[in-house]
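> just a sequence and a predicted model for now, questions to come.
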Amino acid sequence: MTEQNRNRHFIQRIIDEDNLTGKFDNKVQTRFPPEPNGYLHIGHAKAICVVFGIAEEYGGKCNLRFDDTNPIAEEEEYVKAIKEDVRWLGFNWDKLCFASDYFQQMYDYAVQLIKQGDAYVCDLTADEIRNTRGSLKEPGKESPFRNRSVDENLDYFKRMAKGEFPDGSRTLRGKIDMAHPNLNMRDPVMYRILHAEHHNTGKQWCIYPMYDWAHGLEDSIEGVTHSLCSLEFEDHRPLYDWFLDRLGVFHPQQIEFARLNLSYTIMSKRKLKKLVDGDYVNGWDDPRMPTLSGMRRRGFTPESIRKFMDEVGVAKRDNVMEITKLESILRSDLNKHSQRRMAVLNPLKVIITNYPEGHIEELEAINNPEDDQAGSRQIPFSKEIFIERGDFMEDPPKKFFRLAPGREVRLRYAYFIQCNDVIKDDNGNVIELHCTYDPETKGGSAQDGRKVKATLHWVSAEKAIHAEVRLYDRLFAKPNPDSEENFLDVLNPDSLTILKNCKCEPNLQNAEIGKQIQFERLGYFCKDPDSSNDQLFFNRTVPLRDTWAKIEKQFK
RNA sequence: UGGGGCGUCGUCUAAUGGCAGGACACCAGAUUCUGGUUCUGGUUGUUGGGGUUCGAAUCCCUGCGCCCCAGCCA
């Protein structure tokens, strides 16, 4: 094996081989074929990255094709959302196609199969078809309509298309083998009668092609060379091949690979729809949803999703990726590219008793220590500030080295302060801290070289702006919600925490919607589109790694 | 059960007859004006049995396990 052939996944190897033998004249054409019956999720993102990625790698083209063969489930809204999501991920399709564009051509091909004696109109009901299909062990029984004459089949099929028969009364079926060990080959239904309005073709048709019949034709018509799909279609490939062979048309190669699964997540469109319809989340773009629109709102970058897919790999074994891997890649992207700001989520007031009353000074803060080009900004400091409630403990355990009575810490980019008094309310709750600052530590370092063990983030009480912050956690409490008897039983009750009294540095007023910002020591956040001039909402994309939280856990 | 597919660290994935490697996770330490970042080190794996071979994750035989299929959904 040459160095070039190393580390290539099995689909690349197949295509390399095809290019060696000239199977498709060294052309590579792929397609992403979603059904417009729901929103795209992170699982689709893998498929998108694979099919667009392959096309790009081989200098080929990739179409976005809506597989809109079932008007009952499909809507224009989804078409729009899917296009937006694919673009957001950073891919450009060659042609925008619809299966419905080919309905006439498919009809003509069906007529050809009927004429060849390869298809027939069947009058069995859905129940009767099921009952005669046989089982995994038993062969099926042939339909009593299986041996109609070509003329009779042609006549009935045309009348089906004209709308002469009610829904469900007849189907067109491939005439293959009712005893075939592969159930898909037992005279599969090609067309059903559906008097339904289609988002694209309106009332033009009342018969609609089934997936197996339609999909290979769509691929063939578009000149797709490598038709990539997920594992469950492996059983369908013989049928895919059969139709194309009988028709004698251009024959793409179907290749199946494993879809993405993520721990603590569900991918089933049906179940996601249930979360939306049952108001368990706030719509398809709820930041807790694994939909691309939800992740976008949450603050994921398309770059991090694409990088994740690079690392996921392409193979045939079932897999469950750990969500921590995705988060790790996200953090690494955000660490490099997000500006830092200070915000206090659970404020505790601190009065610096020896700081001049009414005085406000501007201090310089670095925007992003990982990026020299990001520059710095000024932040106001004053006598009264807020710190994070969790950064103070009256009676700290051994490994806690933040603020405590008598202890000195640094306020980031500001001064060292020492805690002298703890003020409590009647119930014994800490409501305020009285501290003194050392003027010799301006900017955050001591002239005498003394060290402190902790640096706290803070916000000037006088200048703070107010915000509501939404803390998101994983939607499910168990790693594999799909395996539960009822996935709704394992929803994480703490997937959303709303903090209404957060204090931010003034600069944050002008934050750009959707732009990721690191709140120092807390995590990455972005301004939610719900925000207005009067009201700021921030979504937490992902918290920073928190070693202290881990230590805290060990105490329990 | 008939058919189709798949088995490599906890999780993903390399190695395709020649030292089982990487990432995430986990553990320990160093650095640090973010308990972040960065850096260093560590634990953990070829589904069982047999065979071929100087040599097997890889080839052969034979078990075992897991996933998918009985929509007029895709």
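Cool, got the structure.

> shaky segments in the stretch 351-500 of chain A?
By pLDDT under 70, the stretch 351-500 of chain A has no low-scoring segment.

> and it, which residues reach RNA strand B?
Residues of the stretch 351-500 of chain A lying close to RNA strand B by C-beta under 7 Å from any atom of the strand are A:368-370, A:399-402, A:410, A:412-413, A:443-445, A:454-455. To be clear about C-beta, it is placed using only N, CA and C from the backbone, and glycine gets the same treatment.

> out of those residues, which is nearest to residue A:242?
Comparing these against residue A:242 with C-beta to C-beta places residue A:370 closest, at 56.4 Å.

> I'd guessed the closest one sits against residue A:336; true?
Yes: under the criterion of C-beta atoms under 8 Å, residue A:370 makes contact with residue A:336 at 5.3 Å.

> and these two? which has more neighbours close in?
Taking other C-beta atoms under 10 Å, residue A:370 and residue A:336 do not tie; residue A:370 has more neighbours (14 against 11).

> in a helix, that one, correct?
No: going by DSSP: H, G, I helix; E, B strand; the rest coil, the assignment for residue A:370 is coil, not a helix.

> please name the residues that touch it.
Residues near residue A:370 by C-beta atoms under 8 Å, 6 or more residues apart in numbering: A:335, A:336.

> go on, residue A:91?
So residue A:91 contacts A:48, A:52, A:62 (C-beta under 8 Å, 6+ apart).

> now swap in residue A:360 and tell me
Under the criterion of C-beta under 8 Å, 6+ apart, the contact list for residue A:360 reads A:380, A:381, A:382, A:460, A:462, A:463.

> highest neighbour count among the residues you listed?
Most surrounded of the contacts of residue A:360: other C-beta under 10 Å gives residue A:381, at 24 neighbours.

> hang on, the earlier thing: of the residues of the stretch 351-500 of chain A next to RNA strand B, which is the nearest to residue A:433?
When these are compared against residue A:433 (criterion: C-beta to C-beta), the nearest one is residue A:402, at 11.9 Å.

> what ranges in chain A fall below the confidence cut-off?
Applying pLDDT under 70 to chain A flags the ranges A:1-6, A:556.

> so who does the residue in it that RNA strand B sits nearest to touch?
Using C-beta to the nearest atom of the strand, the single residue of chain A nearest to RNA strand B is residue A:444, 2.1 Å away. For residue A:444, the contact set (C-beta under 8 Å, 6+ apart) comprises A:410, A:411, A:412, A:413, A:414, A:415, A:416, A:455.

> now go through the residues you listed and say which are in strands.
When DSSP state E is applied, the contacts of residue A:444 are split such that A:410, A:411, A:416, A:455 fall in strands.

> and these, which two are furthest apart?
The largest separation in the ones in strands among the contacts of residue A:444, counting by C-beta to C-beta, is between A:416 and A:455 at 9.8 Å.

> mind listing the shared neighbours of these two?
Jointly contacting residue A:416 and residue A:455 under the rule C-beta under 8 Å, 6+ apart are A:409, A:410, A:444.

> next, format the contacts of residue A:444 as a markdown table and append neighbour count and distance to residue A:37.
A markdown table is the format used below for those (neighbours: other C-beta atoms under 10 Å; distance: C-beta to C-beta, whole Å):
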| residue | neighbour count | distance to residue A:37 |
| --- | --- | --- |
| A:410 | 19 | 55 |
| A:411 | 24 | 54 |
| A:412 | 18 | 50 |
| A:413 | 22 | 52 |
| A:414 | 23 | 55 |
| A:415 | 23 | 59 |
| A:416 | 23 | 60 |
| A:455 | 18 | 51 |
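
> tabulate the residues you listed in TSV, adding columns for distance to residue A:489.
Listed next are the contacts of residue A:444 as TSV, based on distance: C-beta to C-beta, whole Å:
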residue	distance to residue A:489
A:410	46
A:411	45
A:412	43
A:413	47
A:414	48
A:415	51
A:416	51
A:455	43
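
> which residue ranges form the helices in the stretch 451-556 of chain A?
Remark: helices assigned in the stretch 451-556 of chain A by DSSP state H, counting those that start in this stretch are A:547-555.

> also the stretch 101-250 of chain A?
Secondary structure of the stretch 101-250 of chain A (DSSP H, counting those that start in this stretch): helices at A:103-115, A:126-131, A:150-162, A:211-222, A:237-247.

> nearest to residue A:345, of these?
Judging the helices of the stretch 101-250 of chain A by C-beta to C-beta, what sits closest to residue A:345 is helix A:211-222, at 49.0 Å.

> now the angle between helix A:103-115 and the closest one, please.
Interaxial angle of helix A:211-222 relative to helix A:103-115 (axes from the mean of the first three to the mean of the last three C-alpha atoms, to 10 degrees): 110 degrees.

> CA atoms only: put helix A:211-222 into CSV for me.
Only the C-alpha atoms of helix A:211-222 are listed here, as CSV (Å, rounded to 0.1, in the frame of the first residue of the first chain):
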residue,chain,number,x,y,z
TYR,A,211,-38.6,5.7,-2.2
ASP,A,212,-37.1,2.6,-3.7
TRP,A,213,-38.5,3.3,-7.1
ALA,A,214,-37.8,7.0,-7.1
HIS,A,215,-34.4,7.3,-5.5
GLY,A,216,-32.4,5.4,-8.0
LEU,A,217,-34.1,7.2,-10.8
GLU,A,218,-33.3,10.6,-9.3
ASP,A,219,-29.7,9.6,-8.9
SER,A,220,-29.6,8.2,-12.5
ILE,A,221,-31.2,11.3,-14.0
GLU,A,222,-28.8,13.6,-12.3
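
> what comes into contact with that helix?
The contact list for helix A:211-222 (C-beta under 8 Å, 6+ apart) reads A:29, A:31, A:33, A:63, A:65, A:67, A:69, A:95, A:97, A:99, A:102, A:105-106, A:109-110, A:174, A:184, A:188, A:190-191, A:209, A:224, A:227, A:236, A:239-241, A:243-244, A:247, A:249-252, A:254.

> how about stretch A:187-194?
Stretch A:187-194 is contacted from outside by A:70-72, A:110, A:113, A:119, A:122, A:129, A:140, A:142-143, A:146, A:157, A:160, A:165-178, A:206-210, A:212-213, A:239, using C-beta under 8 Å, 6+ apart.

> which of these count as buried?
A:70-71, A:110, A:113, A:119, A:122, A:129, A:140, A:143, A:157, A:160, A:165, A:170-176, A:178, A:206-210, A:212-213, A:239 (16 or more other C-beta atoms under 10 Å).

> show me which of the residues you listed neighbour RNA strand B.
By C-beta under 7 Å from any atom of the strand, the members of the buried ones among the contacts of stretch A:187-194 lying near RNA strand B are A:70, A:129, A:170, A:171, A:208, A:209, A:210, A:212.

> between the residues you listed, which sits nearest residue A:263?
Top of the list for closeness to residue A:263, among those and by C-beta to C-beta, is residue A:70 at 31.3 Å.

> residues contacting that closest one?
Contacts of residue A:70 by C-beta under 8 Å, 6+ apart are A:35, A:37, A:194, A:208.
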